[in-house]
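*Asks:* sequence isn't available, so here's the structure alone:
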């Protein structure tokens, strides 16, 4: 079993201090790092020594795009459900004609934050008027 990995900092110096008292500095130059530092090093932004920064940037960009796509899809699902409630409230709105968070969350199959839900609801009502 290999007890070291080649790691480096993507920018600047990373200081890694463990609760055991072990301390090390990780610079932009590739260096062998003991396995006791791996978890903390990665959590502080260290990358594999053979990784190019462009690869890291590309992966971050892909992750951002995937998150944005997922959020757009979730917003579209919420909008569809709330449009359905405008046409047929089915006991999912309160006495003030606002949708109930727990009912909408159940319809979505996941929790939804009330401010987001109300923002979409108000946008739908403006369109409907």
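*Replies:* That came through, no problem. None of the values given here were measured: they were computed from a predicted structure.
*Asks:* so how far is the lowest-mean-pLDDT helix or strand in the chain off the chain centroid?
*Replies:* Ranked by mean pLDDT, DSSP states H and E, the helix or strand of the chain with the weakest confidence is strand 47-48, at a mean of 86. How far strand 47-48 lies from its chain's middle: 21 Å, per CA atoms, centre = their mean, to the nearest Å.
*Asks:* just checking, what packs against the helix or strand that it is followed by?
*Replies:* Remark: after strand 47-48, the chain's next helix or strand is helix 53-87, criterion DSSP states H and E. For helix 53-87, the contact count by 3 or more CB pairs under 8 Å, 6 or more residues apart in numbering; DSSP states H and E identifies helix 101-108, helix 114-128 as packing neighbours. Every C-beta, even on glycine, is put in place using the N, C-alpha and C of the backbone.
*Asks:* need the winner for burial among those.
*Replies:* When you average the neighbours per residue for each of the helices and strands packed on helix 53-87 (mean count of other CB atoms under 10 Å), helix 101-108 leads with a mean of 16.
*Asks:* direction-wise, compare that one with helix 53-87 and give the angle.
*Replies:* Taking axes from the mean of the first three to the mean of the last three CA atoms, to 10 degrees, one finds that helix 101-108 is oriented at 110 degrees with respect to helix 53-87.
*Asks:* now do residue 67: how many residues are near it, please.
*Replies:* 10 (other CB atoms under 10 Å).
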